[in-house]
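Asks: Provided below for reference: sequence and predicted model.
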Amino acid sequence: MSSMPVIGVFTVGTILSLALFSFNEDRPVSTPTATINSDAGDAKYSSAGFDLTPWTKSQIEERCKDLTEEQIRITQASGTERPFCGTLLDNKKDGIYCCVVCRLPLFESTSKFTSGTGWPSFYRALAEGHIVEIEDKSHGMVRTEIRCGRCGGHLGHVFPDGPPPTGRRYCLNSEALEFYEEGDDLPEGARPDAEIGYFAGGCFWGVEHGFSLLPGVLDVVSGYQQGTVDRPEYKAVCAGTTGHAESVKVVFDPDVIDFGTLCKYFMYLHDPTQLNRQGPDRGTQYRSGIYTVGEKQLNTARQVLSEVQASEEFSGRQIVTELEAAKTFWAAEDYHQDYIAKTGRVCHVNIPAALKAIGRDPADLSAGH
């Protein structure tokens, strides 16, 4: 799996951007298991595009050669550091907190708060699947232990007495974490293994289904984007009062399919010349849009739109697809996810035309799946 994405150089800022679009405090952003099964081997990917394939014993042992005795005691033997002694307790810098063993990003600085307990505390994880919760009955108590979702290293515990909006307090050992300040280059392990793209093309049921057929696409989630209200609900979005578009989040392997190909596929999957509608659906929530993360995605999308507009198929037809920097993606309600796969309903998308546009045989709609 390549670690060099189209979104550019991997810095803490890049990861914070991906985290913003990958977490929903009220609803899951991905599958119920919070991980995405790839069609290649046993790899699993989080909603933020990180490989969550469990580390082997030999991988952990090799990494532990570079750790201190205290870090090993805490992460491998479920140890606890003394309160008010951790090096990251009073850290107020912007950045991300990663697992000290495998460097999987776990928390972002914006969710850190002062709990008064003596340990670094956070009210939400960076992305689903990055933290695993296990019942802990040690020391005569019943608590919820938290472990790294990739290497299984012990991190601390989580309690139901945190601040809004989650009401949770993730209580961490400083020695179980590795902090990277915003602007820092990230090492291998802290970089996402997959990429994310956002597309709005009318009813998200059909757009989600269309993208899910492509080899290299690891997961597609229906949701709401580019609006002005937090945690929007379907009825409010349909009423046109929140400013959101029905969009999909596409998690993909850039070694198999690149962002430019996804953009071209999308332009033929729906009708990009229809303003605030697709097929029978009317309203600004059904507008056409590509919402980009980083300059490279933006430039790629611009080039694809220009090429498609100049093509014979769109001669005399003006493309109205909006091209904007991605804002917060809010996952839609569970019943919207995988809707066509579950119901068999037909939607507005033109899958054969989209496949043909990227040079794939329309007769093979599910190649590699």
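Replies: Arrived safely, thanks for sending.

Asks: from here on, contacts and neighbour counts on C-alpha atoms
Replies: Will do.

Asks: okay, how far is it across stretch 50-65, tip to tip?
Replies: 24 Å (CA to CA, to the nearest Å).

Asks: what count of nearby residues applies to Cys347?
Replies: Other residues near Cys347 number 16, with proximity taken as other CA atoms under 10 Å.

Asks: and for Gly316?
Replies: Counted with other CA under 10 Å, Gly316 comes out at 9.

Asks: what's the pLDDT at it?
Replies: Note for Gly316: predicted pLDDT of 92.

Asks: what of Glu182?
Replies: 89.

Asks: relative to Ala301, how far out is the residue nearest in space to the middle of the chain?
Replies: Here the mean C-alpha position of the chain is nearest to the C-alpha of Ala48 (CA atoms, centre = their mean), at a distance of 2.7 Å. Here the criterion is CA to CA. By it, Ala48 lies 21 Å from Ala301.

Asks: next one: phi and psi at Ala353?
Replies: Note on Ala353: backbone dihedrals following degrees, to the nearest 10 are phi -70, psi -40.

Asks: Tyr268 is in contact with that one, correct?
Replies: Yes - taking contacts as CA atoms under 8 Å, Ala353 lies within contact range of Tyr268: 6.0 Å.

Asks: so between the two, which is more surrounded?
Replies: Ranked by neighbour count (other CA under 10 Å), Ala353 and Tyr268 place Tyr268 first, with 21 against 18.

Asks: now name the helix or strand holding the more buried one.
Replies: helix 259-269 (DSSP states H and E).

Asks: which element follows that helix toward the C-terminus?
Replies: Per DSSP H and E, the helix or strand that comes after helix 259-269 is strand 277-278.

Asks: and that next one, which strands flank it?
Replies: Strand pairing for strand 277-278, determined by DSSP bridges: strand 281-282 (antiparallel).

Asks: report the angle between the next helix or strand after the partner strand and helix 259-269.
Replies: Remark: after strand 281-282, the chain's next helix or strand is strand 288-292, criterion DSSP H and E. Angle, strand 288-292 to helix 259-269, by axes from the mean of the first three to the mean of the last three CA atoms, to 10 degrees: 170 degrees.

Asks: what's the spacing between strand 288-292 and its chain's center?
Replies: 16 Å (CA atoms, centre = their mean, to the nearest Å).

Asks: what comes up buried for that strand?
Replies: Buried residues in strand 288-292, defined by neighbour count with 16 or more other CA atoms under 10 Å: 288-292.

Asks: ok, Pro187 to Leu126 distance?
Replies: Taking CA to CA, one finds Pro187 at 18 Å from Leu126.

Asks: ditto for Pro165
Replies: 14 Å.

Asks: who's more crowded, these two?
Replies: Leu126 (27 against 10).

Asks: now the strands for the stretch 1-150 of the chain?
Replies: Along the stretch 1-150 of the chain, the stretches classed as strands by DSSP state E, counting those that start in this stretch are 36-37, 44-45, 95-99, 105-108, 112-113, 121-122, 131-136, 143-148.

Asks: which elements pack onto the third one?
Replies: Using 3 or more CA pairs under 8 Å, 6 or more residues apart in numbering; DSSP states H and E as the contact criterion, the neighbours of strand 95-99 among helices and strands are helix 12-20, strand 105-108, strand 177-181.

Asks: who does that strand pair up with?
Replies: strand 105-108 (antiparallel), strand 177-181 (antiparallel).

Asks: closest to Phe199 out of the ones you listed?
Replies: strand 105-108 (25.4 Å; CA to CA).

Asks: who touches the closest one?
Replies: 16, 94-99, 122, 124-127, 130-131, 148, 190 (CA atoms under 8 Å, 6 or more residues apart in numbering).

Asks: rerun at 10 Å
Replies: 12, 15-16, 19-20, 48, 50, 94-99, 121-131, 148-149, 155, 170, 177-180, 189-192 (CA atoms under 10 Å, 6 or more residues apart in numbering).

Asks: same question for it, mean pLDDT?
Replies: The model assigns strand 105-108 a mean pLDDT of 96.

Asks: can you check stretch 224-240 too?
Replies: Mean predicted confidence for stretch 224-240 is 94.

Asks: contacting residues for Val100?
Replies: 63-64, 67, 71-72, 75, 148, 153, 155, 174-179.

Asks: looking at those, which one is closest to Gly240?
Replies: Cys148 (40.3 Å).

Asks: residues contacting that closest one?
Replies: Contacts of Cys148 (CA under 10 Å, 6+ apart): 52, 54, 75, 98-106, 129-133, 154-156, 176.

Asks: who does it bridge with?
Replies: Ile131.

Asks: how close does it sit to Leu177?
Replies: 10 Å.

Asks: kindly report the same for Trp119.
Replies: For Trp119 relative to Leu177 (CA to CA), the value is 12 Å.

Asks: can you list residues touching both of these two?
Replies: Joint contacts of Trp119 and Leu177 (CA under 10 Å, 6+ apart) are 87-88.

Asks: can you list the domains in the protein?
Replies: 51-181, 195-357 (automatic domain parsing).

Asks: end-to-end on the first one?
Replies: In domain 51-181, first residue to last residue: 22 Å (CA to CA).

Asks: and that domain, how far out from the chain's middle?
Replies: For domain 51-181, the distance to the chain centre is 20 Å (CA atoms, centre = their mean).

Asks: go on, the last one?
Replies: Averaging C-alpha positions (CA atoms, centre = their mean) puts domain 195-357 16 Å from its chain's average.
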